[in-house]
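# Sequence and predicted structure below; questions after.
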Amino acid sequence: MKKYLENEQHNSYEFELGEEIVVKDQWKREYSFKTFLYELPTGFSLEAKELRKDELPGYEFNLFLNIDEDLEDGKKMLIRKIQRGLNRRHLIKENGKWVISKREMLRGKIEWNDNFSDTNYDRVFVIDGKRITMEKFGEMFERWEGWHFKFKIVDRYDRDA
C-alpha cells in the first residue's frame, strides 16, 4: 500500500519504515520510494530508494542517525532530504542530449553498472534520477574545455547532499 506524504507546509511525515511512500516534487511529479532502516553499531541508517517501472537506477537518499538521535526526527529529516533532492535540477535537455544546467553544478551518485549496451564502463552516474554513462558524462564537459573545476566526493549520509 502506498502512503502519500504531503509537502513540508503540512508537516505530514509519518510513515512506517519498510513501506512505500510517494513524494511530490515542486512540479507535482510523483516519485515512489521504499524506505529501509538498518541498525549499525553506532546508530541507524535510514534509506529511501526510488521504485521505478524500468530497471534503471533512480533516486536514493540516505541519512545516518547517531544512537542517541530520535528516529521520528530522523524520518522527518529523511523526507526533507528527499524533497530537497527532488526539487533540484542539475540537468536540462538540449538538442536531445542531457547537459549541465545554468547553475554549472552536478549532484548525484556513482553506481555499479552491469548493462554494457551503451557504455564500456562498469560505473555510471545517477544525476536527477537519470542514468548517465561515463561517455555521456564526458560529453557534458565539452563546452567548458579550458575551464577549471572542483570535484568533491561526499559521504552518502551527508545531510547537505
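Cool, the structure landed. Numbers count the residues shown, from 1 in each chain.
# Return the helix or strand in this protein with minimum mean pLDDT.
None of the helices or strands of the chain scores lower by mean pLDDT, DSSP states H and E than strand 2-4, at a mean of 59.
# Toward the C-terminus from it, list the very next helix or strand.
Toward the C-terminus, strand 2-4 is succeeded by strand 20-24 as the next helix or strand (DSSP states H and E).
# list the helices and strands that next one packs on?
Here strand 20-24 is seen to pack against strand 2-4, strand 30-40, helix 71-86 when contacts are counted using 3 or more Cβ pairs under 8 Å, 6 or more residues apart in numbering; DSSP states H and E. For the C-beta atoms, the positions are set from N, CA and C on the backbone; glycine is no exception.
# how long is stretch 80-91 from one end to the other?
In stretch 80-91, first residue to last residue: 21 Å (Cα to Cα, to the nearest Å).
# try stretch 137-153
Stretch 137-153 has an end-to-end distance of 16 Å (criterion: Cα to Cα).
# Show me the protein divided up by domain.
Under automatic domain parsing, the residue ranges defining each domain of the chain are 2-86, 91-144.
# Need those domains in JSON lines (columns: mean neighbour count).
Compiled in JSON lines, the domains of the chain are given as follows (neighbours: other Cβ atoms under 10 Å):
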{"stretch": "domain 2-86", "mean neighbour count": "15"}
{"stretch": "domain 91-144", "mean neighbour count": "14"}
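# mind giving me JSON lines with those domains and columns for distance to residue 155?
Written out in JSON lines, the entries for these read as follows (distance: least, Cβ to Cβ, whole Å):
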{"stretch": "domain 2-86", "distance to residue 155": "8"}
{"stretch": "domain 91-144", "distance to residue 155": "11"}
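# Enumerate every residue touching the spatially most central residue of the chain.
What sits nearest the mean C-alpha location of the chain, by Cα atoms, centre = their mean, is residue 59, with 3.6 Å. When contacts are counted by Cβ atoms under 8 Å, 6 or more residues apart in numbering, residue 59 touches 31, 33, 48, 49, 50, 82, 85, 86, 126, 129.
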